Structures are given as C-alpha cells and as structure tokens.
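> Show me the folded form of this:
(chains A and B)
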2 protein chains.
Amino acid sequence: MFNFNFHIPTKILFGQGKIAHLADEISAYGSRVLFCYGGGSIKKIGLYDEIIEQFSSKGIFYQELSGISPNPRIEEVREGIKLIREHQLNFILPVGGGSTIDCAKAISAGAAYQGDAWDLVIGKAKPQQTIPIGTVLTLSATGSEMNGGAVISNMETKQKLSLGSPLLLPKFSILDPSYTFSVSAAQTAAGTADIMSHTFENYFSLNDDAFLQNRLAEAILRTCIYYAPKALANPHNYDARANLMWAGTWAINGLLSAGKNTDWSVHAMEHELSAFYDITHGVGLAILTPHWLNYVLNETTVQRIATFGTAVWGIYTDDIYETAKLAIQKTSEFFASLGIPMRLRDVGIGEEHLQEMAEAAVRHKGGKIDGFQELGAEDVLAIYKAAL
Amino acid sequence: MFNFNFHIPTKILFGQGKIAHLADEISAYGSRVLFCYGGGSIKKIGLYDEIIEQFSSKGIFYQELSGISPNPRIEEVREGIKLIREHQLNFILPVGGGSTIDCAKAISAGAAYQGDAWDLVIGKAKPQQTIPIGTVLTLSATGSEMNGGAVISNMETKQKLSLGSPLLLPKFSILDPSYTFSVSAAQTAAGTADIMSHTFENYFSLNDDAFLQNRLAEAILRTCIYYAPKALANPHNYDARANLMWAGTWAINGLLSAGKNTDWSVHAMEHELSAFYDITHGVGLAILTPHWLNYVLNETTVQRIATFGTAVWGIYTDDIYETAKLAIQKTSEFFASLGIPMRLRDVGIGEEHLQEMAEAAVRHKGGKIDGFQELGAEDVLAIYKAAL
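Okay, here's the model as predicted:
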C-alpha cells in the first residue's frame, strides 16, 4: 500500500427531509448566497420553493445562476464569478447534479482569482482562496458532493478538463435520495455507469497490495449492480435510490484511491468524446469501459480482471482468461440492460475526429495515459475504433 | 436506510515515515503538549526519541503522562487533567493504541470541565469544550484514531463505560503500519478480533436496507481474515499490517453504522468482563461473539448470519440454518487459529460474578440491550454461561 493522506471534512446530511437544515448550515459560513442550478427540475420537485422560503425566513440574500449545462461551460463559470463580485456574495449553493456542483466549484476558485477562470482549469494557476460551498444533490453520479474536483468544458477550444483542490471540498452536502425519484431512466442509467466507472478507475491498478480498498470497490460495484435495475423498475424505490446515492459519493471521495496508483484511463478517453460531441459523460464511460478492458487484457492484468469477475459477477471458470473475458462481457451486457446505447455511433460519433481525440486524450495526460496499462495515442485510437 | 449525518474531519497521514509531519501538524493547533503513552513500547521502536527530537527542534513545550493502562483508568485521566491545568497545555498527543488515545480524549473533555471527569463518563455531564488532540497510532484495534469515542474504566466501582462527542475527533492521526511490526502475536490477534467485532456490531442488524454498508462491512471482515494470519506468520509484513490498520480505522468511524440501527450487544457484554476482570478487550469480544450469534440465531436473524457465511466465509449449503451455523463455527475457529483463548475460564473468569455482570451489562444499556436481538439480563447470563 502506498503512502497517502486522507482528509474529507465535508459534513453529509443524508436522508429524506434533511433539507430542513439548509439555512442553518449555510449560516455558519455566509449570508449572501449564489444559488446555482440547472434546467429547472428542482422547480418541478418543489425543492426550489423550499429553498427560497428558507432564504426568506432566515434573511439570506441570494442571487440565482440558473441553466447550468450538463457539461458545465467556462462561460457559465464566468457568469457566476461576475455575480459574486457584483453582489459581494460569500457562499455558493449548487443544487443539482455534478455539473452544477462542478460549475460552483470553478466559480468558488475563480472569484478570488484575478485572471480568467479558465487559467485554473488548464492549470496555469492553482486555487488559492475559495468561497465556501454547500451542496444539495439531486442526481447520483459524479460524487462531486464529497470531493474537491470539478470538470469544466470549453466548447470553443473543444476541451473538457478538471481542476481540483482540497479547498473546493463542500462544507456540507445534503443528500436526500427522494430528490432522485424523478430522475429519468436514461439519467439513472448514465449516473450508475458513472459511479461504476469511478470505481473501476480506482479498482483496476497493479502492484499496490491495497486489498481493503479493492474489496471496498467490489462492495460499491455490487451495490450498483443490485440497485440500478430496481431504481429503473420503480423510480420511487427509496432504498435503491439511497444506496445508489451513497455509493456514488464513496466511489470518488478518496477512499477507494487512497494507497493506490491510479490514472483514470477511461475518463481521459471519455473527456474527449464529451468535449467534441457534448455527449452524456456516463454514457461515454459505459461505451468505452468494456473495449478498454478488452484492449488491456494481458498477462499482467488478467488476474485483477478475473478477480473482478469472480468477486463482482460470481463467475468461476477453470481458465483465468475465460473468467476475465466473461467479466468484461457481463459488464457490457449490464450497461446495455440499463438501456445505455453501447456503441459510439449510437450517440452520433463517427470516425471523423477519432485521431484528433485520441491525440488530445494523451496530450491532456502529459504525453501518455499511465494507468492499469500505459496507453499512447495509437492505443486510444484502437479503443475508440473498437467502440465505434 | 435510516437518515444520518456523517462528518469526520480527522486528517489521516498514512504510511511509513509520516511521523516527519508531526510537529507541523501540531503547530496548527498548539505549542504546549501533553504527550501521553503507555508502557514504553514506543521507546523500544525509536518513536519516543523521534518525537522528542521534533519537539525540541520545533520549540514545542511538553509534559509526559506515561504508563497509561490497557484499560485506561479514571485516575489516569485525572492525572492528565492536572498536568494540563498546571502547565497550561493546549494540545494532547496520545502515542499508542486505543487505550492511550481514549485516555487522552477523556482528558481533553475533562480539562475544560469544572467537576470530576468521571461525570463525563457516566453521562452526568456532556463534553462542551475540548482540547485538540492528534494521535500517533501503534496498534490496529480500537479505531479511536478516527472517531469521537472513548472507553474509560473505574476499577473501584467495577465500571467500564464510554463517552463520545464529535468534539473529541482527533484533528489528525498518523498511521504508520511499521509501528505495529513489534506488536506481539497475542495483541495482533486481540486487535484483529476487536476490529472484526466492531464490524460485526455494525453488520448484524435488521430491516435497514443498508446494502452498501453491509457489503463494505464484509470487505473489512475479509481483509482481517486474509491478513491477520499473514501478520502473525511474518510480523514485518508491511501490507498485512497496513491493511489491518486501515481496516481497523474504518470498522468504527461511522461509515459502517451510517443509516443503520445498531446497539453493540457484544461490547455491552464484554465491557463487564473487562470491568470485573481487566481482561484484554479483544479477547473478551472473540470469546463472546460465537456464543452470542448462536444464542440469537432464529427465524429473524438467520438470513443475515447466513449471508455473512456466504459472503465472508464462502459457505454455500442448501439449508440456511446450516450455512449460518457453519459461519458461526468458522468465526470461532478463526479466532482460535489466531491463538486467542476461546473460553472465559481460559482468561480466569469463573461463575462467581456472572449474574452480577449480566445485570450490569443490561443496566448500563438502560434496561435492555436492543441490538440484532433484544437481550435481557437472563439472556446475557445464558451467553456468559455458554462461553464459560
């Protein structure tokens, strides 16, 4: 096990009705709030009204930043920063899924930065000072509610990149699974694929003897596999929604990666798909994952993939390669069973930019993807092609 | 899944050599330290010298409280409080296992309390203000390094009780597995039993649909089962020590219990054994656990115990009771294989106080133990007798 630090001071308020504590939690940090949300689903479920009423009864001043995109744009970040400065806001409340929360994080870092916020995304500058954030989660997927990472897109330059800092950890996050009752089947499926992909990225690594972390990862994977079909069959199944939500948080808050050496290969490849085609992140991950695993299956990796097959899918054969291949097949079939389109062409991606995207994927990782197996541009291209 | 809050701001520094950061971490909170430790094993492994040298080079004033007992006594707590007041100390550094850390927590709460510290243990008063704590862990067992709980004994009144508060969460904990290389076989075994018992207490509950938490618990149990024999066979096996240490932390920091309804039946019964006979806590837990599971095995509990058998021990039979019974037997055999004495009489406990202890166990839980299955004094007595 490699050395690591683990420090997640985010306070989680989990369960139905926890929103009642929102204003009190905010008040510990600020009283002038940037209230961020996306397309307005929070109005349909009554969450918007509940929040506004708390603001009004507790005398909290707020400004709204609405319409944040599924892959949040740097323009939206800039807009939020403008609002913060104009109204001297001192707290940011994203209410939504990972996109809204990520946008809020970039605003948090950008508001105290003198230059353009895009500098922080491309790594030209590092977050030094931030504005405190508290989140209300309405989608189980990115885990952004309990980590310091954010992914921001620039459609102009076709870049989708991440920034991260412990300073961006939310002060608190309210996780009420009932807010996800109204999440569509497609988003539930894509969210589950996202959670599982985060877990895979942490799980598939070599030579780290992080036995505990790998068993914890399998626990999260099995939770997703058990509950995603239940959530699709009955969107109001509270326990299914609760388990998926809590699994999503722990898939990517540092517990699974602590003590390991990971490089997030599939995310690196998928970010280019989203950057070029603006597809749903979780769908891109689901499409690429089985092709990536097939591509990297070799003498070094077969044991871990086979262990995955046995521990997660209950596959026992007398041939380790057979077990590994069945595990990959089961994974692909599972995603398909959730209704996820499983080919790039199904989401409108053709051959036209494959080469360009493959080169960008590798370039954005500093020349190579150095994860479970090292990948150069030609490897990424082969995986893209297999996924067409 | 029940509603819960989850908030563990403790910063973990994990791995070999992390002690190098000790003085810097302390300096964020104070400069006058109560340095607590137990029987002096920290001198044998060079840790004492390393710490003193950092204190001296960074100008940190310190007072020592040494010789803290395996089941820390209220007298030792009072002594620490006296040192804090006499020397205006503003930070507490326990270096050792759970006993030393627990003693430090009681000192932390007691120093700012006007009355006698025992009031805080018996619940007559609640911790209001505390002195910050940072820990250096040298034994994988109690998980005290990342939670707000402490267990303190009063040998005079034959009481072993716990206090807990989020205010008592360590600010940081340094977890260097190599400090546990010199832990004896008996202590390694008892520590493992302690970790597994914490996991059992969180795992064996009913009707909570905390699927994820239960799978995470199984991951921790399997880690203990895989690595404890390795640590015994080769005490210097770093990965075995690292996995056991990290498993111990997560068995009892709130992750496994979040969203569940647990009542810590075996701990309630064991605390009386330690209070009356001062036996090693982990040994008492190992002895009682199989007898408790046998006693509570019935129509309501059989499914969970059988699931435990299949998920943790790989037992598959066509009879759910058979699977559950084999699981209990395997657990008992495992503890015995670690060299743990598995009968009360083996640790010097006879029939003389069984009745008295059974009544005290139930009384200290407010009249009954309300866990996996409700237990009254006669139930506890039956379990003690079966364990004789």
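
> where do the strands sit along the stretch 251-388 of chain A?
Secondary structure of the stretch 251-388 of chain A (DSSP state E, counting those that start in this stretch): strands located at A:369-370, A:374-375.

> Adding mean neighbour count as columns, could you present those strands in CSV?
Any C-beta I mention is one placed from the backbone N, CA and C, and that applies to glycine too. Compiled in CSV, these are given as follows (neighbours: other C-beta atoms under 10 Å in any protein chain shown):
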stretch, mean neighbour count
strand A:369-370, 20
strand A:374-375, 19
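
> Go through those and name the closest to chain B.
Chain B lies closest, by C-beta to the nearest C-beta, to one member of these: strand A:369-370, at 21.1 Å.

> Partner strands of that closest one and their direction?
Paired strands of strand A:369-370, with direction, are strand A:374-375 (antiparallel) (DSSP bridges).

> about what we covered before: between the strands of the stretch 251-388 of chain A, which has the poorest mean confidence score?
Of all these, mean pLDDT reaches its minimum on strand A:369-370 (a mean of 92).

> Show me what from the stretch 1-150 of chain A comes close to chain B.
The stretch 1-150 of chain A has residues A:1-18 near chain B, with proximity defined as C-beta under 8 Å from any C-beta of the partner chain.

> So which elements touch the helix or strand that contains residue A:163?
Per DSSP states H and E: residue A:163 is located in strand A:159-164. Counting contacts by 3 or more C-beta pairs under 8 Å, 6 or more residues apart in numbering or on different chains; DSSP states H and E, strand A:159-164 is packed against helix A:98-111, helix A:118-121, strand A:149-154, helix A:265-277.

> Now tabulate those in a markdown table and tack on distance to residue B:350, mean pLDDT and mean neighbour count.
Converted to a markdown table, the helices and strands packed on strand A:159-164 look like this (distance: least, C-beta to C-beta, whole Å; pLDDT from 0 to 100; neighbours: other C-beta atoms under 10 Å in any protein chain shown):
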| stretch | distance to residue B:350 | mean pLDDT | mean neighbour count |
| --- | --- | --- | --- |
| helix A:98-111 | 60 | 97 | 29 |
| helix A:118-121 | 69 | 96 | 22 |
| strand A:149-154 | 59 | 94 | 24 |
| helix A:265-277 | 61 | 94 | 24 |
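
> Reformat the ones you listed as TSV; add distance to residue A:234.
Shown next, in TSV, are the helices and strands packed on strand A:159-164 (distance: least, C-beta to C-beta, whole Å):
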stretch	distance to residue A:234
helix A:98-111	24
helix A:118-121	39
strand A:149-154	31
helix A:265-277	29
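
> among these, which is nearest residue B:96?
Closest to residue B:96 of the helices and strands packed on strand A:159-164 is strand A:149-154 (C-beta to C-beta; 35.9 Å).

> Touching the lowest-mean-pLDDT helix or strand in chain A from outside, list them.
Ranked by mean pLDDT, DSSP states H and E, the weakest helix or strand in chain A is strand A:159-164, scoring a mean of 89. Residues from elsewhere that reach strand A:159-164, judged by C-beta atoms under 8 Å, 6 or more residues apart in numbering or on different chains: A:71, A:105-106, A:109, A:120-123, A:127, A:147-154, A:271-272, A:274-275, A:360, A:364.

> Quick check: can you list the domain ranges of chain A?
Split into domains by the TED database, chain A comes to A:11-179, A:184-387.

> Nearest to residue B:228, out of those?
Counting by C-beta to C-beta, residue B:228 lies closest to domain A:184-387 out of the domains of chain A; the figure is 12.2 Å.

> Distance from the chain centre to that closest one, please.
Centroid separation between domain A:184-387 and its chain, computed with C-alpha atoms, centre = their mean, to the nearest Å, is 12 Å.

> For residue B:219, which of the domains of chain A is the nearest?
Here domain A:184-387 is closest among these (C-beta to C-beta), at 3.4 Å.

> hmm, back to that, adjacent strands (with direction) for the strand holding residue A:163?
Strand pairing for strand A:159-164, using DSSP bridges, gives strand A:149-154 (antiparallel).

> need the longest helix for chain A.
Secondary structure assigned by DSSP state H gives helix A:211-233 as the longest helix of chain A.

> Kindly export the next helix-or-strand element following that one (C-alpha atoms) in CSV.
Helices and strands here follow DSSP H and E; after helix A:211-233, the next one along the chain is helix A:238-250. Written as CSV, here are the backbone C-alpha positions of helix A:238-250 (Å, rounded to 0.1, in the frame of the first residue of the first chain):
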residue,chain,number,x,y,z
TYR,A,238,-36.2,4.8,-1.7
ASP,A,239,-33.6,2.2,-0.7
ALA,A,240,-32.5,1.7,-4.2
ARG,A,241,-32.1,5.5,-4.6
ALA,A,242,-30.4,5.8,-1.2
ASN,A,243,-27.9,3.0,-1.9
LEU,A,244,-27.0,4.4,-5.3
MET,A,245,-26.6,7.9,-3.9
TRP,A,246,-24.3,6.8,-1.1
ALA,A,247,-22.4,4.5,-3.4
GLY,A,248,-21.8,7.4,-5.8
THR,A,249,-20.4,9.5,-3.0
TRP,A,250,-17.9,6.9,-1.9
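
> any idea of the angle helix A:238-250 forms with helix B:211-233?
50 degrees (axes from the mean of the first three to the mean of the last three C-alpha atoms, to 10 degrees).

> Now do the end-to-end distance for stretch A:359-376.
8 Å (C-alpha to C-alpha, to the nearest Å).

> Which residue would be the closest one in the stretch 51-200 of chain A to chain B?
For the stretch 51-200 of chain A, C-beta to the nearest C-beta, closest residue to chain B: residue A:177, 7.7 Å.

> and that residue, how many neighbours does it have?
23 (other C-beta atoms under 10 Å in any protein chain shown).

> re earlier: which of the domains of chain A sits closest to residue B:193?
Of the domains of chain A, nearest to residue B:193 by C-beta to C-beta is domain A:184-387, at 17.4 Å.

> got the contact list for residue A:96?
Residue A:96 neighbours (C-beta under 8 Å, 6+ apart): A:36, A:37, A:38, A:41, A:42, A:68, A:136, A:137, A:138, A:139.

> Kindly reformat those as CSV containing distance to residue B:349, neighbour count and pLDDT.
CSV is the format used below for the contacts of residue A:96 (distance: C-beta to C-beta, whole Å; neighbours: other C-beta atoms under 10 Å in any protein chain shown; pLDDT from 0 to 100):
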residue, distance to residue B:349, neighbour count, pLDDT
A:36, 61, 28, 98
A:37, 62, 26, 98
A:38, 62, 21, 96
A:41, 61, 20, 92
A:42, 60, 23, 96
A:68, 64, 26, 97
A:136, 53, 27, 98
A:137, 50, 31, 98
A:138, 55, 25, 97
A:139, 55, 25, 97
